[in-house]
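Asker: take this sequence and fold it.
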Amino acid sequence: EYMGFNQMEATPEKLGEEEKANYDFLSQITMQNDLDLRDYTEKVKGELGELEQLVVGDMIGLNPEVAKLYTELTQTDRILGNLEVMLGSFQSELKDISAQVDLIKERSAVISTTANNKKEFEKELHKYIKLILIPPDLVKSLTLDEINESYIEKLDKLDTILKNLKNPSLPTSKAVVDQMPEVEKLKYKIIGRIRNFLIASMEALKKPRTNIQIIQQNVLLKHKLLTSFLWSHGKGIFLEVSNYYCELICSLYLNLFKVYISDASKLVEERVSKYESLIVDESEYINAALKKKQSAFEIGSRDKLLQELDKEPIICHISQEKKLTHTLEEIFRSQNKLLVDATVNEFYFVLDFFCLQPHQCSYIFGAIFNKLMQYFLDSFQNVVNYTYDSAGLLLIMLINDYFKSFLKLKNINILDPYFEKVDFILWPRILQILDGHINTLKTASAKGIKPAATTATAITKRYVELASGIYKVSKHKYQEMLIMRMAQLKTGVVELLKQICEKLPSDKHKMIFMLNNLDYICTEFKNLQIEKFDDLVSFTKEYNIWVPKFIKTLLLQEFKSLVDVVSKYVKEDNNEGTVTLVGEAELKTVNREHLESVGNDFAFSWNKKIEEIQSSINTSVNSKESAKQLFWNLLKELMIKYSAFGEIVRLGHPDYFKELTSQHVLLDLKNLSISLMQSTSPQLSTTLIN
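Answerer: Have a look, this model is predicted:
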């Protein structure tokens, strides 16, 4: 920026310290060159004046151009003013355009929303129409086409539409209201076609030798959606179709089972006739045993059937061709196996085909099985009324319980009333048969029964066969009533045996007879291995009552003098190996010569007599183990008697006592007893020791 000299002079006073510092160099120059500042200033001032004149001249020379430039600037300013006005007007117009654009945007948004709403409405309307409108081609197919898998698929579409029309959540419309009469007409027309088709399909079950399950699985179940459609839209026709099926299948099953039960009844083996009794002739029983003919009351291996309850039923015509017969319980198992299989099949088929839950099917199952169950019960009642096979009936009860439990595991209770009634039919008859045996024993007269020997009688053996069979298969809820009857039967047998034994010539024979019969019963019952067996305990007690009587009889027979002396001077015998003698005063009056005679005679003959007794027992008693046990008990009792005799001698005849003890008879008896115990079986050894 240009400044005059005057301005330069005035400036330092006004300048700040920083500007003043810039002028210090002048002082330094003048001091270094020894210049006069005034002269130098004048020189500079003159130069500046010259420059000013030059500049003024240049400016005057440029004046036209400046004037021209001014004119141009004026025009430019005018143009810019007009341009400003135009731009203001354009700006105003742009504002109007912006407002119009905003308005257009708003209108566009409204139009877009309206369009979207229309599209959504069209979609919803399309869905709604699709939900409620039945296409003409669907109507034509459902009314004219053959009923097959394709038809069922189309019927499923109609089912969906009909359910939609009933859906309260869908909005109602005049179109829906207007088409409902036509829809109802179409529905009932289709329901009529379905009814006729299902009934015609079920008619196939009537053909002879038709496998019911194959028709159910391959024909009816393929069209189960038809019954589902009826259940949803035509319950009246559904009930008609289900009732028709129930009547049809009930009739089929009833006819089939009538034929099977009739054929099976011809195969029944009568194991026990009405004339079979516990009272039987010995010779007849022996002859039957020699011919290896099975006894009527012998159960044998019949209880093995309980392990084969799921095997296939008996095929009657094959058994007839082979001339086979079957026990009552085998026939019952076979018939009930078929009944249970049919029940299981119908249970699952009905639930699947009619699209129902178990609690909704009670009337269907009742219509199918009530007549069938009643026919089974009537037929079974006739059979039971004329059978005398108590073991077979008990087996039937177990079979009945098995099938009941089998269905219970599958949550099928259709046959529960049948199973209960079977028990109600069986149990009174079982008790009636047992009461008949009890009455036979009570009214039997021993006069007409002649025991051939002292061995187990045919009555005893028949009783064991009957009781063993009953106990092997008696595992039922009515066990208490059975035990009561068996106790009465046991009492009747024992009393009859006592009457029979009275016909024998001697007490010894009577006792051997009772011991042999009771021992036979106990041995056979032990083989059953039944826990808490009351009858075994009872018979064992009865047997043990006869053992001391028998031993006493043998001792009196062989050692009468010894037994008489001991009986005279023993006041108490506690049966535990110790005795209580009479007072010493009374013992001092004993006949000493008689004591010596008894002692010497016993010492001389006891060994021989013991051998005779052992031989007699072995010959008379049927069981070798029982014979050894009886002989051991006899030795024990003899040692007690002889010990008591020695005590009597010690107190009543001391002089003879030394001679008596020197004979070592008691020691020999003990050694004999020990050797006998060692030669027996471990089980008997334990019994003898006890």
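Asker: backbone dihedrals for Ser623, please?
Answerer: phi -90, psi 130 (degrees, to the nearest 10).
Asker: now for it, how many residues are close by?
Answerer: 16 (other Cβ atoms under 10 Å). Glycine gets a C-beta too; all of them are placed from N, C-alpha and C.
Asker: helix or strand: which one has the residue nearest to it when sequence neighbours are not counted?
Answerer: Leaving aside its sequence neighbours, Ser623 sits nearest to Asp519 (Cβ to Cβ, 6 or more residues apart in numbering; 5.5 Å). According to DSSP states H and E, Asp519 maps onto helix 507-528.
Asker: now do the buried residues in that helix.
Answerer: By neighbour count with 16 or more other Cβ atoms under 10 Å, helix 507-528 contains the buried residues 508-525.
Asker: same for it, what does it pack against?
Answerer: The contact analysis (3 or more Cβ pairs under 8 Å, 6 or more residues apart in numbering; DSSP states H and E) places helix 507-528 against helix 458-473, helix 479-501, helix 534-558, helix 624-652.
Asker: and the helix or strand that the longest one is followed by, how far out from the chain's middle?
Answerer: Moving toward the C-terminus from helix 624-652, the next helix or strand (DSSP H and E) is helix 654-661. Mean-position distance between helix 654-661 and its chain equals 80 Å (Cα atoms, centre = their mean, to the nearest Å).
Asker: could you do stretch 92-99 as well?
Answerer: For stretch 92-99 - counting by Cα atoms, centre = their mean - the centre lies 89 Å from the chain centre.
Asker: average pLDDT across it?
Answerer: Average pLDDT, stretch 92-99: 84.
Asker: quick check, central residue of this structure?
Answerer: For the chain, the residue nearest the mean C-alpha position is Leu409 (4.6 Å; Cα atoms, centre = their mean).
Asker: quickly note the distance from it to Glu420.
Answerer: 18 Å (Cβ to Cβ, to the nearest Å).
Asker: and what of Lys224?
Answerer: In terms of Cβ to Cβ, Lys224 sits 33 Å off from Glu420.
Asker: between those two, which one's more packed in?
Answerer: Neighbours were counted for Lys224 and for Glu420 using other Cβ under 10 Å; Lys224 has more, 15 against 12.
Asker: how about the more buried one, nearest residue that isn't a chain neighbour?
Answerer: Lys224 sits nearest to Phe353 (Cβ to Cβ, 6+ apart), 5.0 Å away.
Asker: wait, that neighbour sits on Gln217?
Answerer: No. Between Phe353 and Gln217 there is no contact under Cβ atoms under 8 Å: 10.0 Å.
Asker: tell me which of the two has more neighbours.
Answerer: Shown here are Phe353 and Gln217; by other Cβ under 10 Å, Phe353 has more neighbours (20 against 14).
Asker: can you pull the contacts of the more buried one?
Answerer: 216, 220-221, 224, 227 (Cβ atoms under 8 Å, 6 or more residues apart in numbering).
Asker: with distance to Phe403 added, can I get these in a markdown table?
Answerer: A markdown table is the format used below for the contacts of Phe353 (distance: Cβ to Cβ, whole Å):
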| residue | distance to Phe403 |
| --- | --- |
| Gln216 | 22 |
| Leu220 | 27 |
| Leu221 | 26 |
| Lys224 | 29 |
| Thr227 | 30 |
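Asker: so which of these comes closest to Pro451?
Answerer: Gln216 (65.9 Å; Cβ to Cβ).
Asker: what's the distance between the nearest residue to the closest one once chain neighbours are set aside and Tyr244?
Answerer: The spatially closest residue to Gln216, leaving aside those adjacent along the chain, is Phe349, at 5.2 Å (Cβ to Cβ, 6+ apart). Going from Phe349 to Tyr244 by Cβ to Cβ gives 15 Å.
Asker: cool, Gly81 as well?
Answerer: From Gly81 over to Tyr244 (counting by Cβ to Cβ), the distance is 108 Å.
Asker: neighbour-wise, which of these two wins?
Answerer: Tyr244 (15 against 10).
Asker: residues contacting that one?
Answerer: Tyr244 touches 199, 202, counting by Cβ under 8 Å, 6+ apart.
Asker: switch the cut-off to 10 Å
Answerer: 195, 198-199, 202-203 (Cβ atoms under 10 Å, 6 or more residues apart in numbering).
Asker: and for Lys45, the neighbour number?
Answerer: Neighbour tally, Lys45, other Cβ under 10 Å: 14.
Asker: next: Arg462.
Answerer: Neighbours of Arg462 using other Cβ under 10 Å come to 22.
Asker: got any ranges where the stretch 201-350 of the chain has weak pLDDT?
Answerer: Counting by pLDDT under 70, the stretch 201-350 of the chain contains low-confidence ranges at 282-294.
Asker: before we move on, what about the stretch 401-550 of the chain?
Answerer: Using pLDDT under 70, the flagged stretches of the stretch 401-550 of the chain are 445-448, 450, 452, 475-478, 531-533.
Asker: name the helices or strands packed onto the longest helix that the chain contains?
Answerer: Longest helix in the chain by number of residues (criterion: DSSP state H): helix 37-132. With contacts taken as 3 or more Cβ pairs under 10 Å, 6 or more residues apart in numbering; DSSP states H and E, helix 37-132 sits against helix 5-14, helix 24-33, helix 149-165, helix 174-203.
Asker: before we move on, the earlier item: any chance of TSV for the contacts of Phe353, columns secondary structure and distance to Ser616?
Answerer: Formatted as TSV, these follow (DSSP: H, G, I helix; E, B strand; the rest coil; distance: Cβ to Cβ, whole Å):
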residue	secondary structure	distance to Ser616
Gln216	helix	77
Leu220	helix	82
Leu221	helix	81
Lys224	helix	85
Thr227	helix	86
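Asker: what does stretch 523-532 contact?
Answerer: Taking Cβ under 10 Å, 6+ apart as the rule, stretch 523-532 contacts 456, 460-461, 463-465, 467-468, 471-472, 474, 533, 535-540, 622-623, 625-626, 683.
Asker: ok so, going back, so how far is Ser538 from the residue nearest to Ser623?
Answerer: For Asp519 relative to Ser538 (Cβ to Cβ), the value is 14 Å.
Asker: then Tyr386?
Answerer: 33 Å.
Asker: higher neighbour count, those two?
Answerer: A count of neighbours by other Cβ under 10 Å puts Ser538 above the other of Tyr386 and Ser538, at 18 against 9.
Asker: nearest spatial neighbour of that one, skipping sequence neighbours?
Answerer: Per Cβ to Cβ, 6+ apart, closest to Ser538 is Lys490, 6.2 Å.
Asker: quick check: that neighbour touching Lys541?
Answerer: No. In this structure, Lys490 is not within contact of Lys541 by Cβ atoms under 10 Å, at 11.3 Å.
Asker: compare these two (neighbour count), which wins?
Answerer: Applying other Cβ under 10 Å to Lys490 and Lys541 shows that Lys490 carries more neighbours, namely 20 against 10.
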